[in-house]
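Here is my input; please provide its structure:
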Amino acid sequence: MEFNKLKLYFKFTRPFTLVPPLLGILSGSICAFGSVHNPDPERKITISLILTVLLGALCASILNAASNILNQIYDLEIDRKNKPTRPLVTGEIKMKEAWILTIILYFFAIIPTYFVVFYPYTSFEEKLKAPLKYHQAFWIYIIGMIFTFIYSAPFMGRTKREGFLANLTIAIPRGFLLKLAGWAFVASVFNFEASYIGLIFFLFLIGASSTKDFSDMEGDKIGGCKTLPIIYGPKKACKIISPFFIIPWILIPFGIFLKDPSNPNHSILTGNHILLLILSLILTIWGIYTVYLILRDPEDLARTENHPSWTHMYLMMMFAQIGFALSYIL
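Next up, the predicted model:
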């Protein structure tokens with residue numbers, strides 16, 4: 001295969017969007033490793049552990065790449081208006097190629113995770129024989145894949161056409177489940193702390209994911225997609241999504257000072273409390289600034305292909321992932 005073709009395929013996956021899921025897995029795994037829920041009492045950093053987490057991060061990016069292509073397949077008519085330079089629209093990539101690439105990416109995103117089972121199952125043979133309940137990462141990735149079809153594919157409901165449901169089907173896999181998936185490569189996800197951290201990212205994406213919809217309004221109307229700015233208009237939609245740039249980060253201090261309902265001997269969040277408070281402060285201020293950019297001129301989101309708030313959404317997500325990771329290893 002020619003190098004230029006491979007380069008085109010890589011561009012087709014929208015590589016900028018592949019970094020947040022990769023960071024999400026790494027961050028979730030590090031949080032599990034540094035938490036009180038780490039099943040290894042010695043907290044050994046082994047080559048096996050490192051390779052397992054890196055594999056999970058790679059699989060998450062591949063899953064996101066598959067989701068991006070699937071979305072472009074079903075959004076072809078919309079993209080003719082909104083994104084006319086995309087390879088599927090221009091004909092640089094044929095529909096058959098897109099489907100083949102999607103299937104290949106889904107395969108390599110899901111199958112490797114079956115062979116990941118957290119401590120104490122260490123050898124390959126032990127992992128294969130481990131009960132299905134210990135293959136937690138595999139099942140989370142399966143559920144995440146299903147959500148990508150629910151969002152994009154008409155035969156699965158295509159919630160992209162259904163306003164707030166679209167935000168929900170983005171926030172669950174890319175916010176809540178992503179954090180659990182990273183956690184599952186190191187420890188069991190059946191604890192309150194893992195879910196609480198996932199909730200924070202879930203709430204952020206419920207609102208922040210709409211920043212991409214404002215500039216796509218014209219094409220989305222053609223495709224019958226009832227996004228928030230189409231249903232409520234840019235001005236009201238901006239007011240609806242604004243709190244989600246701030247509220248999630250305020251939950252961090254609550255997680256520090258409230259006791260874990262399942263274990264009152266420690267807080268919900270067991271990372272470095274000082275670093276977590278600093279992270280909360282920075283992200284809250286950042287969120288307020290982003291809200292200012294959004295509310296300053298709501299119509300500007302519809303006029304600008306990539307409004308600054310969309311960029312801030314991705315940067316905030318990545319900063320939060322790194323911040324949580326640091327808070328659990330320092």
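
Which other helices and strands does the helix or strand containing residue 108 contact?
Following DSSP states H and E, one finds residue 108 within helix 95-110. Applying 3 or more C-beta pairs under 8 Å, 6 or more residues apart in numbering; DSSP states H and E, one finds that helix 95-110 contacts helix 3-12, helix 47-74, helix 136-152. For the C-beta atoms, the positions are set from N, CA and C on the backbone; glycine is no exception.

ok, residue 69 to residue 106 distance?
As judged by C-beta to C-beta, to the nearest Å, residue 69 and residue 106 stand 10 Å apart.

Can you identify each of the helices in the stretch 201-330 of the chain by residue range?
217-222, 228-241, 247-257, 273-296, 298-303, 308-329 (DSSP state H, counting those that start in this stretch).

pLDDT below threshold where in the stretch 151-300 of the chain?
By pLDDT under 70, the weakly predicted segments of the stretch 151-300 of the chain are 298-300.

Which positions within the biggest strand by length in the chain qualify as buried?
Longest strand of the chain, by residue count under DSSP state E: strand 263-267. Across strand 263-267, burial judged by 16 or more other C-beta atoms under 10 Å covers residue 267.

Output it in PDB, but only the C-alpha positions, please.
Extracted in PDB, the C-alpha atoms of strand 263-267 (Å, rounded to 0.1, in the frame of the first residue of the first chain):
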ATOM      1  CA  ASN A 263     -15.800   2.300  53.100                       C
ATOM      2  CA  PRO A 264     -16.100   5.200  55.500                       C
ATOM      3  CA  ASN A 265     -12.400   4.900  56.500                       C
ATOM      4  CA  HIS A 266     -11.400   7.000  53.500                       C
ATOM      5  CA  SER A 267     -12.600   9.700  51.200                       C
END
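
so how many other residues sit close to residue 85?
8 (other C-beta atoms under 10 Å).

so which strand or helix has it?
Going by DSSP H and E, residue 85 is not in any helix or strand.

if we can go back for a sec, export the helices of the stretch 201-330 of the chain to a markdown table and append columns for distance to residue 84 and mean neighbour count.
Formatted as a markdown table, these follow (distance: least, C-beta to C-beta, whole Å; neighbours: other C-beta atoms under 10 Å):
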| stretch | distance to residue 84 | mean neighbour count |
| --- | --- | --- |
| helix 217-222 | 10 | 16 |
| helix 228-241 | 20 | 18 |
| helix 247-257 | 35 | 19 |
| helix 273-296 | 26 | 17 |
| helix 298-303 | 17 | 17 |
| helix 308-329 | 19 | 20 |
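
what about the ones you listed, which gets the closest to residue 116?
helix 308-329 (19.0 Å; C-beta to C-beta).

packing partners for the closest one?
Looks like helix 308-329 contacts helix 19-34, helix 192-208, helix 273-296 (3+ C-beta pairs under 8 Å, 6+ apart).

I'd like the ones you listed laid out as a markdown table, including distance to residue 244.
Below are these laid out as a markdown table (distance: least, C-beta to C-beta, whole Å):
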| stretch | distance to residue 244 |
| --- | --- |
| helix 19-34 | 16 |
| helix 192-208 | 2 |
| helix 273-296 | 9 |
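
Which one, of these, ends up nearest to residue 137?
helix 19-34 (9.1 Å).

and the closest one, C-alpha only, in CSV?
Provided in CSV are the C-alpha atoms of helix 19-34 (Å, rounded to 0.1, in the frame of the first residue of the first chain):
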residue,chain,number,x,y,z
VAL,A,19,-5.5,11.7,21.9
PRO,A,20,-8.2,12.2,24.6
PRO,A,21,-9.3,8.5,24.7
LEU,A,22,-5.6,7.5,24.8
LEU,A,23,-5.0,9.9,27.7
GLY,A,24,-8.3,8.8,29.3
ILE,A,25,-7.1,5.2,29.5
LEU,A,26,-3.7,6.1,30.8
SER,A,27,-5.2,8.4,33.4
GLY,A,28,-7.8,5.9,34.5
SER,A,29,-5.1,3.2,34.9
ILE,A,30,-2.8,5.4,36.9
CYS,A,31,-5.7,6.5,39.1
ALA,A,32,-6.5,2.8,39.8
PHE,A,33,-2.9,2.1,40.5
GLY,A,34,-2.5,4.9,43.0
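
List the buried residues in that helix.
Going by 16+ other C-beta under 10 Å, helix 19-34 has these buried residues: 20-34.

for that helix, packing partners?
Using 3+ C-beta pairs under 8 Å, 6+ apart, helix 19-34 sits against helix 47-74, helix 178-184, helix 192-208, helix 308-329.

Other residues contacting it?
The contact list for helix 19-34 (C-beta atoms under 8 Å, 6 or more residues apart in numbering) reads 38, 43, 49, 53, 56-61, 63-64, 174, 178-187, 194, 197, 201, 270-271, 314, 317-318, 321-322, 324-325, 327-329.

separation between the residue nearest in space to the middle of the chain and residue 93?
Per C-alpha atoms, centre = their mean, the C-alpha nearest to the average position across the chain is that of residue 174, at 2.4 Å. Relative to residue 93, residue 174 is positioned 24 Å away (C-beta to C-beta).
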